[in-house]
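Participant: Need a 3D model of the sequence below.
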Amino acid sequence: MAENVIEVRKVDKFYGTGSIRTQVLFDVSLGFERGSFNSIIGASGSGKTTLLNILGTLDLPSKGEVLIDGERTDGLTKNQLAKLRNETIGFVFQFHYLLPEYTALENVLLPVTIRKGRPDQGDVKRAEELMELVGIFNVKDNLATNMSGGQQQRTAVARALINEPKIVLADEPTGNLDSESTATIYQRFRYINATLGTTFIIVTHDRRIAEQTDRIVGVKDGRIDMDVKK
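Facilitator: Predicted coordinates for the structure are as follows:
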C-alpha cells in the first residue's frame, strides 16, 4: 500500500460561537497517496472547500488531526504552518489572485520571494521552464492585466509549482474558463503529475472534470459519501 502524503483523521469543523454554531464537517477521515491524482466533488455548501482548506492548513479543524508527510500539524505555530505551506503545498484557486502590478514572471516567482527574499538566476530559469511547461512563456513579461483568463490561470499553476511542492491543492481551478482553456489546464496537471510525481487534489462541482482523475471522493452534507478509485 502506497504511503499517504497528506491525510485527515476524524475531523469535525464548526463555524460560529455559543449557541449559534454550524457543523460543516462530520468525523472525516481521508488520506491521499503520494503521487496520486484525485478529485473531491460535491454540491455547493457540501463542505468540499472547507475540507480542502483544512488539508492545506489554511483553516484548522475544530476536532481531529491533519498529517502532512506523516507529521501532525496541530502542534505547529502560525509561522511554522506558513513555512510548511510555502515549501510543501502549491495552491491553485478559482480566482487566480495574481498581483496586477507584477508581470507574469514576477507573479510566478512570488513564493520564492516570500521564502528567501530575492530570487536568483536559478530561480528565474526554473520559473521560465515552468512557464514553458504550462504554455505561457511568450507572455512572461506581460502584466497580469494584459493576459487572457486562461493565461492568468496557467500563471497561477506555474506559481503553485515554483517551490517544487509535493502536493497541489486546486479549488475549482477552471471554474471561470472556457472549455478549451479547461482542457489545457487539466492536460498540464496530468503531465506534471506524471513527470514530477506531484500529488494533485482538485475540488470541483463538475463530474466531467472529476472523471478525468484516478480517484473521486464525494462530499455530501459534510460527510464522505463516495470514494472511488479507477
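Participant: I'd like to know how far the residue most central in space within the chain sits from residue 3.
Facilitator: Nearest to the mean C-alpha position of the chain, by C-alpha atoms, centre = their mean, lies residue 169 at 1.6 Å. Using C-beta to C-beta, to the nearest Å, one obtains 18 Å as the distance from residue 169 to residue 3. Quick note: C-beta positions are derived from backbone N, CA and C, even for glycine.
Participant: picking up where we left off before, give me the phi and psi angles of the residue nearest to the centre of the chain.
Facilitator: Residue 169 adopts backbone torsions of phi -110, psi 120, taken as degrees, to the nearest 10.
Participant: How many residues are close by the closest residue to it other than its chain neighbours?
Facilitator: Spatially, and ignoring its direct neighbours in sequence, residue 169 is nearest to residue 56 (4.8 Å; C-beta to C-beta, 6 or more residues apart in numbering). Around residue 56 sit 23 other residues, with neighbours defined as other C-beta atoms under 10 Å.
Participant: How about residue 212?
Facilitator: So residue 212, with other C-beta under 10 Å, has 17 neighbours.
Participant: per-residue confidence for the nearest residue to it once chain neighbours are set aside?
Facilitator: Distances taken as C-beta to C-beta, 6+ apart place residue 186 nearest to residue 212, at 5.8 Å, with adjacent residues excluded. Residue 186 carries a pLDDT value of 84.
Participant: for residue 186, what are its contacts?
Facilitator: By C-beta atoms under 8 Å, 6 or more residues apart in numbering, the residues touching residue 186 are 174, 209, 212.
Participant: Check residue 61 too.
Facilitator: Residue 61 neighbours (C-beta under 8 Å, 6+ apart): 8, 11, 12, 13, 25, 54.
Participant: about what we covered before: which SS class is the residue nearest to residue 212?
Facilitator: helix (DSSP: H, G, I helix; E, B strand; the rest coil).
Participant: Begin at 785 from now on, thanks
Facilitator: Got it, the first residue is 785 from now on, which makes the last one we talked about residue 970.
Participant: Pull out the buried positions in stretch 812-831.
Facilitator: For stretch 812-831, a neighbour-count test (16 or more other C-beta atoms under 10 Å) marks 812, 814, 816-817, 819-826, 830-831 as buried.
Participant: Show the end-to-end separation of that stretch, please.
Facilitator: 11 Å (C-alpha to C-alpha, to the nearest Å).
Participant: what's the answer for stretch 911-925, then?
Facilitator: Terminal residues of stretch 911-925 are spaced 12 Å apart (C-alpha to C-alpha).
Participant: Just give me how far stretch 975-985 sits from the chain centre.
Facilitator: Relative to its parent chain, stretch 975-985 has a centroid offset of 12 Å by C-alpha atoms, centre = their mean, to the nearest Å.
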